[in-house]
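Colleague: Here is a sequence together with a model predicted from it:
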Amino acid sequence: MQKFLKRLHWLDYVIVALVLVAVVFVIQRVGGTLNYNWRWEKIPNYIFRYREDQERWVANLLIQGLVATIRISIYASILALVLGVILGVARCSANLAVRMLARTYLEFLRNVPPVVVIFIFFFFLSEQIIAALNMERWARGIARSDDNQIWTFFFGDMRRFPALISGVIVLGLFQSAFVGEIVRAGIQSIDKGQREAARSIGMSRFQELRYIVLPQALRKVLPPMANQFISLVKDSSLVSLISVPDLTFKTVELVASTRMIFEAWLVAAAFYFVICFSLSMLFRRLEQP
Amino acid sequence: AQSTQQSLSSGSVIESIKQEGVIKIGLSIFRPWSMRDLNGELVGFELDVGRELAKDMGVEVEFVPTSWDGIIPALVSGKFDVIISGMSITPQRNLTVNFSDPYAYSGMTILANKAMTEGFSLEDYNSADVTFAARRGATPAAVIADMFPEAELLLFDEDGASTQEVLNGNAHATMSSEPTPSEAARRYPETLYVPFNEAFQAGGEAFALRKGDPDAENFFNNWIGTKTRTGWLKERHDYWFRGEDWKDKVAE
Amino acid sequence: MKMNNTRASASLKEMIHVAHVDKFYGDFQALSDVDLSVNQGERIVICGPSGSGKSTLIRCLNGLEFHDAGEIIVDGISVEEDSKHLKTLRQEVGMVFQQFNLFPHLTILENLTIGPMKVRKIAKAEAEKRARLYLERVHIPEQADKYPAQLSGGQQQRVAIARSLCMETRIMLFDEPTSALDPEMINEVLDVMVELADTGITMVCVTHEMGFARKVADRIVFMEAGRIMETATPDKFFTNPDSERLKLFLGQILDH
Amino acid sequence: MKMNNTRASASLKEMIHVAHVDKFYGDFQALSDVDLSVNQGERIVICGPSGSGKSTLIRCLNGLEFHDAGEIIVDGISVEEDSKHLKTLRQEVGMVFQQFNLFPHLTILENLTIGPMKVRKIAKAEAEKRARLYLERVHIPEQADKYPAQLSGGQQQRVAIARSLCMETRIMLFDEPTSALDPEMINEVLDVMVELADTGITMVCVTHEMGFARKVADRIVFMEAGRIMETATPDKFFTNPDSERLKLFLGQILDH
Amino acid sequence: MSTRAKPLTLKKVLNSVPVSFAIYAFVMWLIIYGAYAGAQAMGYNWQWYRMPQYFYTLTDDGFQLGEIMIGLGKTIQLSLTAFALATIFGLFIALLRLSDLVIGRGLSIALLEFLRNMPLLVLLYLFYYVLGPVFSLDRYTASVLCLAVFHAALISEIFRAGINAIPKGQWEGATSIGMSKGQAYRYIILPQSIRFMLPPMTGEVVHLIKSSAIVSVIAVAELTTIGRNLISDTYMSFEIWFTIAAVYMVVTLLLSIGVSQVEKRYAVQT
Ligand SMILES: Nc1ncnc2c1ncn2[C@@H]1O[C@H](COP(=O)(O)OP(=O)(O)OP(=O)(O)O)[C@@H](O)[C@H]1O
Ligand SMILES: Nc1ncnc2c1ncn2[C@@H]1O[C@H](COP(=O)(O)OP(=O)(O)OP(=O)(O)O)[C@@H](O)[C@H]1O
Ligand SMILES: [Mg+2]
Ligand SMILES: [Mg+2]
């Protein structure tokens, strides 16, 4: 302790003092001027709740939202990965038209705010896809059937399946552009000699990509992909704007129902932080074997 | 003519509701029309109306919570069959969707910040120095723009946000359907009050449905007519808007 | 010093036929009017100064590059950009690169089996058996389960040779297989190549290892500025070259 | 060949005092029990094999690194991490690096004036006058308005020396000032250093230029493995070294 | 010796530039037309003719900017203010991070981790609903601060990379002529690192303009908000969203072109 204190510069003390002043000011303001009545004691109820009628603990709004956020993130990242790989390969294609199309898609997504992209994709694409596949009826059919536990485990309430899927589609499409750029960088980082060697043992272009280029590129792109995944979890909060019931949407609902503005938002922020921070810790650990 | 009639009725949303065996109702969280109770379940006036409607139609009911400013586009693009969400009839909206007869008449009142609007007459609100807050796309927004064209108007996604704005002194006043303003005034008596006793534009709230569907409109009108006559609607309305019985089910 | 291989002339089927070949990179002419004919089992060494088009020629033989005029026929298949037989051709023609180009994400064994399994659709067990056989042949059977990065340059190059052999190719092309190697490793690779030469495979080899050329080559081709300047048996090549340019080149290269 | 400088012993004020100094990098001991005392006007050359701690020692003298045990007193100022006098010390002690470390975004003149102006708060005109004086001293007055990248290595190093001189330092430290230079430039820098030595400034210089050491050094210090193995006058150093290790080292270094 | 004309194959034809452009144009037309017709088939009533009035109007009072242009102005103003603040905060965070201050470094790392792991939307809600009332920030200030703080984290990493790109010898050179750390930063390190920082910084401006759209959720009257308000008035959702997207694209593409210009200039200079 002594040693630690010795290492402190006088500026360190200034910083500590400033932080303390800020904290005291906030407490003062909230307690005094704002006369906000904190109702922290109500919050745990919205995380887990004991249902007396069913005699068991059930996840309430915030956890439901959190689980939805996790589901959306996982499925959207799979979709983004698949589309991103296609896009990345297209970006390296020998055909100019393919390259230009991929580039157009990419530039659109890179130059338009995510909020706007999400609205456009939502109204223009995911809606159409859901309608075209008649997904609602199908999902409802499952929701009504008795043995839907597996479906429920993977997708939550099947009645809300279309909303989940549109969130996944929107987020997946949106992120695929960035994944595509990572994949392209990965592919282009593979030495030309590797492709020639593959070709000279008679591999077709597809085999060359499948067995030689992509596996090697994959290794190089893993760290940026991990970062992208964290971005995706963060961006998933945007799907609340299109009424997908994720953590942010549920928090908005909670605030609208109970007016616990401070508590609800602080808890939601903490949830996001915990997920993203543990993910980045995990990836950092994995990166250095 | 025969075939037009057939295709009209088979294309009606009523028909698809019967076929699917479920009616999908779009709504947005809006005390006390609809809100989340302690269990995280939806409760409120709309929920009672929706469930009763489904029961009478002999189908299941599914509520689709949607942000308010996207609720009409969502209806138009077929995300649900009907909006039952305290939506009041306005000409602008009516150009895009059709309305049933009103099923509730809750006039709007002004909720104002006490300190900021001390001694204001109704005319005083119509000034460039005054800031109103309202929910984007909601009726009060249109009414405010209409009544107080000089005032600045800020639009939010959620109703709670505008009340909080007034509470925090960022806006002078907001307007919304009773009982929200009175309730808020009761909760923060030092800061908030309802300055005028009169309710503005009690035009009535109605179901909104897609255009070109006379069958559905007829059905909903008659259902509302029946429920009004039997007093069921008024009883439910009073329960949620006048009563306090439900308050302990929703964190307050 | 030179072993006299008489077996070469035994079969006379023409495996590689190059006639009047030109090749351009943009405006730069890398090959001008090249003619070359290689019979089955023949061992050809190509040498010449840097930039003379050796690599270009050899890469045109298995379609890594395509010529712009003239014709190239390898093992009966015309080498052309849009040929449907390109894949077949490449399976028949092995290539060993200066930079080894092993697949770093696969073990040695997987490097050797991936071609046979995915291209020739041979069963895994069979492919592995064959791979081990050829690893034995290049004297590193014990390295099967390592990754390329764990091997020395010489070992990697021998794996690259084995990889080509696993495809059971009838023609092997080498592009300066030893020039990226440290001196002590050059010999282990050359030894393997000499052994290979004795199996009767058709070999075309770009190299500056004149000891190797003298020992195994049936003919030595000297290129300069995109042209074949001289083709001769090793004896004639080293003792009595025709062109002045070749004499100069030999003077330089044998200095080392 | 050796000029006999007798002036050195004239003033005997101790400028640098190093006693029992240890220095660790993590677990690795870079300096062990180093003692050194340098009087005003003395010229010391430090030599020794790579990794022996020469740079570490010299960098400890002006607080670019800090020692872990023992004491270092330079010009009356104790060199310690938290010392308030560190800035004063650094103004008194100039340092010339192997890599020059000129500021590439400033012209030569600005390189020379920025220290005096910003650190010593000297007026611009005065600082420029002084800068031109020292540029003259290192024989490149005409380069004042160029940028470092436009100069040769030898010129850059002379600018670096001038930059230190502009601070009017009383002690100059050199860390292998010529070893990043091409042979033809080494002499132009060494010449400047010899001239500098004649001005009576205190100099500590890490170098392997033994001709220079013989010509200007009052004492030569030989280091190995973080220790000072031998300190001697140039005469004794070159003709009659005590330690075996030094003989070996000299054998190697004088070979070149 | 002339090059022999090679036979034209399908692959070559497909890869040739004019054909590629034709295919590209065709596919784009297909997508656009498909979207247009698809929406119409769904009963959507396109009203593009109503759009120009939102850009400008020519009335008796003369030329007037429409709502979208006003919103764009606001977006740019908002972004630039936030960017200026973000640069200052970012420099501050980067310097703290690189300093020897134990607490200072800890604080900056904590701040960076917090910002890096927080969705911008949630951060905005925190700034507006939680910090807003506490420090009595209005929505404009709150959104500027939120954007500034969020981007300060990204900008501080740019600063840090730029500063770390300066060789250690420059520090030693500065120290050895007696400069303090502050002087070394001020006169030696920062002027040099600007060269490394300028290109990513201009990229960050584009990023910030895009982020700024999010403040529409708290009703700051910028471009996206204007768009959403117009939609709630007119229900022309598709036309307005596409127009808004196009406006953003024009602005950011112009900036991106500027960025690559800057990059080129600085690449040549080194
Ligand atoms: N892809 C290419 N694009 C343009 N020019 C090329 C290309 N490949 C080779 N060349 C040029 O063609 C000429 C012949 O190259 P090639 O690689 O065949 O020479 P080489 O005889 O193999 O030389 P080295 O001994 O250096 O390998 C050289 O001048 C080279 O610069
Ligand atoms: N920053 C550092 N961290 C860890 N070890 C270091 C550091 N600087 C130097 N060393 C180690 O300390 C030892 C002495 O280094 P120093 O640079 O003083 O040697 P030197 O005598 O100057 O050698 P050279 O002639 O190569 O410059 C070396 O073994 C070196 O690896
Ligand atoms: Mg070559
Ligand atoms: Mg050194």
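Modeller: Structure received. Ligands and ions are numbered 1, 2, ... in the order given.

Colleague: Find the residue closest to the residue in the stretch 51-200 of chain A positioned nearest to ligand 2 in space, skipping its chain neighbours.
Modeller: With distances taken as CB to the nearest ligand atom, the stretch 51-200 of chain A approaches ligand 2 most closely at A:S189, which sits 31.5 Å away. Where you see a C-beta, it was placed from the backbone N, CA and C, and this is true even at glycine. With CB to CB, 6 or more residues apart in numbering or on different chains as the measure, A:K220 is the residue that lies nearest to A:S189, at 5.5 Å, once sequence neighbours are left out.

Colleague: pretty sure that neighbour contacts A:G186?
Modeller: Yes - using CB atoms under 8 Å, A:K220 is in contact with A:G186, at 4.8 Å.

Colleague: Who has more neighbours out of those two?
Modeller: When A:K220 and A:G186 are compared for neighbours, A:G186 comes out ahead with 22 against 16, by other CB atoms under 10 Å in any protein chain shown.

Colleague: Could you name the helices and strands sitting against the helix or strand hosting that one?
Modeller: Per DSSP states H and E, A:G186 falls inside helix A:161-188. Contacts of helix A:161-188 with other secondary structure elements, assessed using 3 or more CB pairs under 8 Å, 6 or more residues apart in numbering or on different chains; DSSP states H and E, are made with helix A:61-91, helix A:96-111, helix A:114-121, helix A:127-132, helix A:135-144, helix A:214-235.

Colleague: so which of those gets nearest B:Y193?
Modeller: helix A:61-91 (31.5 Å; CB to CB).

Colleague: any idea how far A:L279 is from the residue nearest the centre of chain A?
Modeller: Nearest to the mean C-alpha position of chain A, counting by CA atoms, centre = their mean, stands A:V233 at 1.9 Å. Note on A:V233: its distance to A:L279, by CB to CB, to the nearest Å, is 7 Å.

Colleague: Same question for C:D75.
Modeller: C:D75 sits 55 Å away from A:L279, taking CB to CB as the criterion.

Colleague: what does E:Y187 give?
Modeller: Using CB to CB, E:Y187 is found at 42 Å from A:L279.

Colleague: So which of these two has more stuff around it?
Modeller: Each of E:Y187 and A:L279 had its neighbours counted (other CB under 10 Å), and the higher figure belongs to E:Y187 (21 against 17).

Colleague: OK, contacts around the more buried one?
Modeller: Neighbour list for E:Y187: D:I114, D:K118, E:A174, E:M179 [criterion: CB atoms under 8 Å, 6 or more residues apart in numbering or on different chains].

Colleague: before we move on, what about C:T231?
Modeller: If you count contacts by CB under 8 Å, 6+ apart, C:T231 has them with C:L36, C:R219, C:I220, C:V221, C:F222.

Colleague: what's downstream of the helix or strand it falls within, the next helix or strand?
Modeller: Using DSSP H and E, the element containing C:T231 is strand C:227-232. Toward the C-terminus, strand C:227-232 is succeeded by helix C:234-239 as the next helix or strand (DSSP H and E).

Colleague: got the contact list for that next one?
Modeller: Residues external to helix C:234-239 that are found in contact with it (CB under 8 Å, 6+ apart): C:K2, C:M210, C:A213, C:R214, C:A217, C:I220, C:F222, C:E230, C:L246, C:L250.

Colleague: Is there a quick ChimeraX command that grabs whichever of those residues are buried?
Modeller: Buried residues within those, as defined by 16 or more other CB atoms under 10 Å in any protein chain shown, are selected in ChimeraX through the command that follows:
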select /C:210,213,214,217,220,222,230,246,250
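
Colleague: quick one: average confidence on the helix or strand hosting B:L75?
Modeller: Using DSSP H and E, B:L75 sits in helix B:71-76. Computed over helix B:71-76, the mean pLDDT rounds to 82.

Colleague: Check which helices and strands that helix is in contact with.
Modeller: Where contact means 3+ CB pairs under 8 Å, 6+ apart, helix B:71-76 is packed against strand B:22-27, strand B:82-83, helix B:91-96, strand B:205-209.

Colleague: And the ones you listed, which one averages the lowest pLDDT?
Modeller: Comparing mean pLDDT across the helices and strands packed on helix B:71-76, the lowest value falls on helix B:91-96: a mean of 81.

Colleague: Which neighbours in the sheet does the helix or strand that comes right after that helix have, and how are they oriented?
Modeller: As assigned by DSSP H and E, the chain's next helix or strand after helix B:91-96 is strand B:98-104. Under the criterion DSSP bridges, strand B:98-104 sits next to strand B:205-209 (antiparallel) in its sheet.

Colleague: I'd like the next helix or strand past the partner strand.
Modeller: Scanning forward in sequence from strand B:205-209, with DSSP H and E defining helices and strands, the next element found is helix B:214-229.

Colleague: So out of everything in the stretch 1-150 of chain B, what residue is nearest chain D?
Modeller: The stretch 1-150 of chain B approaches chain D most closely through B:T131 (50.5 Å), counting by CB to the nearest CB.

Colleague: Just want the phi and psi numbers for that residue.
Modeller: In this entry, B:T131 is assigned phi and psi values of phi -110, psi 130 (degrees, to the nearest 10).

Colleague: and it, what does it touch?
Modeller: Applying CB under 8 Å, 6+ apart, the residues contacting B:T131 are B:A151, B:E152, B:L153, B:L154, B:N170, B:A171, B:H172.

Colleague: Relative to ligand 1, how far out is it?
Modeller: B:T131 sits at a distance of 68 Å from ligand 1 (criterion: CB to the nearest ligand atom, to the nearest Å).

Colleague: With E:K264 instead?
Modeller: Distance check for E:K264 against ligand 1: by CB to the nearest ligand atom, it reads 25 Å.

Colleague: Can you tell me, leaving aside adjacent residues, what's nearest to the residue in the stretch 51-200 of chain E positioned nearest to ligand 1?
Modeller: In the stretch 51-200 of chain E, the residue found nearest to ligand 1 is E:P199; the distance is 30.1 Å by CB to the nearest ligand atom. Leaving out its chain neighbours, the residue that sits closest to E:P199 by CB to CB, 6+ apart is E:E263, at 4.5 Å.

Colleague: where do the helices sit along the stretch 51-200 of chain C?
Modeller: If you assign secondary structure with DSSP state H, counting those that start in this stretch, the helices in the stretch 51-200 of chain C sit at C:54-61, C:86-92, C:108-114, C:124-137, C:153-166, C:183-197.

Colleague: What residues does the stretch 101-250 of chain E have near chain B?
Modeller: In this structure, the stretch 101-250 of chain E approaches chain B at residues E:129, E:132-133, E:136, E:138-139, E:217-219, E:225, E:228-229, E:231-233, E:235, E:237, judged by CB under 8 Å from any CB of the partner chain.

Colleague: so which of these are also by chain A?
Modeller: The subset of those within reach of chain A, by CB under 8 Å from any CB, is E:Y129, E:P133, E:V217, E:S237.

Colleague: what helix or strand does the closest residue to E:Y125 other than its chain neighbours sit in?
Modeller: With CB to CB, 6+ apart as the criterion, E:Y125 has its nearest non-adjacent residue at 5.1 Å, and that residue is A:W265. Taking DSSP H and E as the criterion, the element that holds A:W265 is helix A:261-287.
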